[in-house]
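J.: With the sequence up front, the predicted model follows.
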Amino acid sequence: MTGVQEQQYEEFFGGFFFDEDALSKDISLDGLDKELEEHKNYDVLISILANGEKQRDMATMVEGNLGHIEQDLIQDYIKDNDSLVLLHDQIHDCDIVLSQIGSLLSGFQVHIGSLSSELRSLHEKSLDLGVRLKNRKLAETKLAAFVEEIVAPPGLVNAIIDGEVNDDYIKSLNMLSKKLRFAQVDPLLNASKALKDIKQELERLRKKALSKVSAYVIGIFSSMRKPGTNIQILQQNLLQKYRYLVLFLKEHGIETYNDVCAAYVDKMNKVLSEDFRVYLESLESLKLDIGVSTDVIGYDANVLDLIPRGREQLRNHRFMFSLGERSNILKEIDQPGLVPCISEANSLKYPYEVIFRSLQKLLMDTASSEYIFIKAFFREESMFYQVFEGPFAVIDENMKLTLANSHDAICLMLMICITKKHQLVMSNRRLPCLDTYLDKALIYLWPRFKIVFDMYIQSLYQCDAKMSWVDGTHPHHIVRCYMEFTASLIQLNAECGDGQLDMSLKRLRLAVDDLLVRFAEKFATQKLQHLFLLNNCDMAISILKEAGEEAKELRRYFEEKLESNLVSFVDELLMEYFGDLIKFVKNHISEDLISYTECPKIADVELVVKNFAVKWRTALELMHNEVVTCCSNFVSGMAILKAAMAQLLNDYNRLSECVKMIPGGSSLNRNLVSITSISYEIRKYSRTL
């Protein structure tokens, strides 16, 4: 609906009254306007208004106005007739133009279809050309690589033939190695004509390189034999730097490589064998001889002069029966070895275990360095054993000779301990190169130690007690030697033992016991026999205490033996000085002081009481002096006196009680010594101790 129509519509309906309820039931103004706009006429309005009787008049008026409006519209169309004709012509012209454009577009569509076919054809050709280009580039790359791998440039040829062996030469060798390796990888490449043409040149370069490299490496090996050469520095600073030379020989000339390995083994074998031989000869001059076959007590009748000599060496802690300061060698297991020239300049001598440790230390350090070098440089572990075949033979020969002449069991046990500690050192280094050698060393040492140990034991059984006996109850020097020896072995057994010594130590104890009994039998009285055994047991306990907790079992054995002999000695001592008292008490009075083993007579008791009253002070003094003089140990002497006086006091107390119980015994009271007096006198002697 145009703007004019809307205005006329408003003027026409402006003065009418509409029934809102009726209109709301059928149509709204908005709905009416919509209907009029859609149908372009007022017929719809009329039909709507005619629905009710109340709108009939309105419909009539609307119909009249509609006629007027229709006439106005017709007039408007007539006025615009020319414009409509012009519009019609323009539309016709547009149709013609559009028809021409459609024809043109149809032509374009056909042309584009043909272009699409051509583009597809060109795309297929492009893909084909791309594949061809890719194949040609691939072929070019492979061909270029092939040519690069097989062609030996003039610079490489000159470097291999005339170049000096250095870092640049190694680079040239690496390049040549790649070319040689390339020619051997693929059989198809190996059959190519181009490779056949160049192969002779590569083979010539290979032989020249093998010859030059082997000569250079063997030259370095030869320089190792020059006096004063530090082989380890030469290996680390020079040979390790040119390790690739040997790898080249191994890969491209196995025969030459084997010759180089053989040359190294030969030269190093000779160098190390000579070095160890010279070192051993230098160490031999530093050896302190401790113990020969005649130094085993009881082995020969001419060894009696060993005792004073042994005592002097015992003070120096170098005697063959005493460990002493020799045990320090186990604390210095990682210390540097001996330098012979320095020791000779200071006139120093050493037990053989010190020399043995120095030799082992040198062997371990040299073997470790050589093993690491061979494994890194040659990558042939078996070469190590070929190199050290000579040094091992030199050391084995020296060890066999030394062990055959060794009678020092302490030294042999120390050597066993040193070897076991060196096994631990090599284990911590994680180097297995000396496992076989160290096991073999133990196989040599243990049997020899047991042979010498058996000689020690046999010497005790063969010892002539009559010739070796000394008229005195103090500890015997032979027993002291063997107790020192026992304590030393117990300490070493605890340090490095594996149970092999346990039975041997028991055998040694039995041999010492046998010797003690045979010595004790030479004394005239049992008191002296017990005193001798007591002093020797006390000496044994003192020595075993120094050995620590490891000797507690053996120490307990001698403590029991000491206690037994102490009781027996006290009985003999009291019997000597207070015999009548002791005999009377034992024969007549029981321990509980109630019953009598034999009814005593007043005369018998009177004699005992009077004798004791006369001599008890003198007897106590004599007994004290004898114990102090005869006991080698102050503490043991005090223990003996305490035990003797306690026993004396107890027996006299029993005698006093017996006197009180005997009819008429009161007459003896004036002769009885008071217990208080005896106790006072005993305390006086105790203070002097």
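T.: It's in. As the structure is a computational prediction, the values presented were derived from the model and not from experiment.
J.: residues in contact with residue 471?
T.: By CB atoms under 8 Å, 6 or more residues apart in numbering, the contact list for residue 471 is empty. Bear in mind the C-beta positions are built from the backbone N, C-alpha and C, glycine included.
J.: Over to residue 411?
T.: 290-291, 320, 326, 351-353.
J.: so which one among those has the lowest pLDDT?
T.: In terms of pLDDT, the lowest of those is residue 291, showing 61.
J.: sorry, back to before: name the member of the contacts of residue 411 with the most neighbours.
T.: residue 320 (27 neighbours; other CB atoms under 10 Å).
J.: quick one: that residue from residue 542, how far?
T.: Residue 320 is 21 Å from residue 542, where distance means CB to CB, to the nearest Å.
J.: Now residue 619: closest residue in space, sequence neighbours ignored.
T.: Once flanking residues are discounted, residue 619 sits nearest to residue 577: 4.1 Å by CB to CB, 6 or more residues apart in numbering.
J.: and the helix or strand containing residue 542, what does it pack onto?
T.: Taking DSSP states H and E as the definition, residue 542 sits inside helix 526-546. On a contact count with 3 or more CB pairs under 8 Å, 6 or more residues apart in numbering; DSSP states H and E, helix 526-546 meets helix 477-496, helix 502-520, helix 552-577, helix 634-661.
J.: quick check, distance from the shortest one to the centre of its chain.
T.: In terms of CA atoms, centre = their mean, to the nearest Å, the gap separating the centre of helix 502-520 from the centre of its chain is 43 Å.
J.: got the buried residues for it?
T.: For helix 502-520, burial by neighbour count (16 or more other CB atoms under 10 Å) applies to 504-505, 508-509, 511-512, 515-516, 518-520.
J.: can you give me the helices in the stretch 351-500 of the chain?
T.: Using DSSP state H, counting those that start in this stretch, the helices found in the stretch 351-500 of the chain span residues 352-377, 382-387, 389-404, 409-429, 435-462, 465-468, 477-496.
J.: Ramachandran coordinates for residue 350?
T.: phi -130, psi 150 (degrees, to the nearest 10).
J.: For it, give me the pLDDT.
T.: 89.
J.: Quick check, it in contact with residue 340.
T.: No: using CB atoms under 8 Å, residue 350 is not in contact with residue 340; the gap is 10.6 Å.
J.: between these two, what contacts are shared?
T.: What both residue 350 and residue 340 touch, as defined by CB under 8 Å, 6+ apart, is the set residue 286.
J.: before we move on, back to that, can you get me a residue count around the residue nearest to residue 619?
T.: Neighbour tally, residue 577, other CB under 10 Å: 19.
J.: got it, and the one 4 residues further on?
T.: Under the neighbour criterion other CB under 10 Å, residue 581 is assigned a count of 22.
J.: Could you name the specific helix or strand carrying it?
T.: Counting by DSSP H and E, residue 581 is part of helix 579-588.
J.: Likewise for residue 268?
T.: Going by DSSP H and E, residue 268 is part of helix 254-284.
J.: what pLDDT does the spatially most central residue of the chain get?
T.: By CA atoms, centre = their mean, the chain has its centre lying nearest to residue 428, at 5.9 Å. On the pLDDT scale, residue 428 is placed at 94.
J.: next one: residue 297
T.: On pLDDT, residue 297 comes in at 46.
J.: Contacts for stretch 227-235, please.
T.: Contacts of stretch 227-235 (CB under 8 Å, 6+ apart): 220, 223-224, 268, 271, 369, 373, 377.
J.: Which of those residues sits closest to residue 534?
T.: residue 369 (59.1 Å; CB to CB).
J.: What residues does that closest one make contact with?
T.: Contacts of residue 369 (CB under 8 Å, 6+ apart): 232, 235.
J.: Look up the pLDDT of it for me, please.
T.: On pLDDT, residue 369 comes in at 92.
J.: Ok, residue 446 next?
T.: Predicted confidence (pLDDT) for residue 446: 92.
J.: So it versus residue 501, what's the distance?
T.: 10 Å.
J.: Comparing those two, which shows the higher neighbour count?
T.: residue 501 (21 against 16).
J.: Report pLDDT for the closest residue to the more buried one other than its chain neighbours.
T.: Using CB to CB, 6+ apart and skipping the chain neighbours, the partner closest in space to residue 501 is residue 493 (4.4 Å). Looking at residue 493, its pLDDT reads 86.
J.: Am I right that residue 493 is in contact with residue 503?
T.: No: counting by CB under 8 Å, residue 503 is not a contact partner of residue 493; they are 11.3 Å apart.
J.: okay but residue 253 is in contact with residue 206, surely?
T.: Yes: at 7.3 Å, residue 253 and residue 206 qualify as touching, with contact defined as CB under 8 Å.
J.: Make a markdown table from the helices of the stretch 351-500 of the chain and add distance to residue 257 to it.
T.: Below are those laid out as a markdown table (distance: least, CB to CB, whole Å):
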| stretch | distance to residue 257 |
| --- | --- |
| helix 352-377 | 12 |
| helix 382-387 | 12 |
| helix 389-404 | 20 |
| helix 409-429 | 29 |
| helix 435-462 | 26 |
| helix 465-468 | 70 |
| helix 477-496 | 44 |
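J.: hey, least reliable of these by pLDDT?
T.: helix 465-468 has the lowest average pLDDT among those, namely a mean of 74.
J.: mind listing what's buried in that helix?
T.: 465, 468.
J.: So what's the gap between that helix and the chain middle?
T.: On CA atoms, centre = their mean, the centre of helix 465-468 falls 56 Å from that of its chain.
J.: Pretty sure residue 520 sits against residue 529.
T.: Yes: if you go by CB under 8 Å, residue 520 and residue 529 touch, sitting 4.3 Å apart.
J.: Can you tell me the closest non-neighbouring residue to residue 492?
T.: Closest to residue 492 by CB to CB, 6+ apart is residue 413, at 4.7 Å.
J.: what's the burial count for that neighbour?
T.: Neighbour tally, residue 413, other CB under 10 Å: 26.
J.: about what we covered before: kindly provide the distance from the residue nearest to residue 501 to residue 482.
T.: 16 Å.
J.: who has more neighbours, the two?
T.: The residue with more neighbours, out of residue 493 and residue 482, is residue 482; 25 against 21, by other CB under 10 Å.
J.: hmm, back to that, so what's the residue nearest to residue 492 up against?
T.: Residue 413 is in contact with 449, 488-489, 492, counting by CB under 8 Å, 6+ apart.
J.: okay, now the domains of this structure?
T.: By the assignment in the TED database, the chain contains the domains 53-130, 154-252, 284-465, 564-686.
J.: For residue 555, which of those is the nearest?
T.: domain 564-686 (14.7 Å).
J.: quick check: mean pLDDT across that closest one?
T.: In this model, domain 564-686 has an average pLDDT of 78.
J.: next one: stretch 243-255
T.: Averaging pLDDT along stretch 243-255 yields 86.
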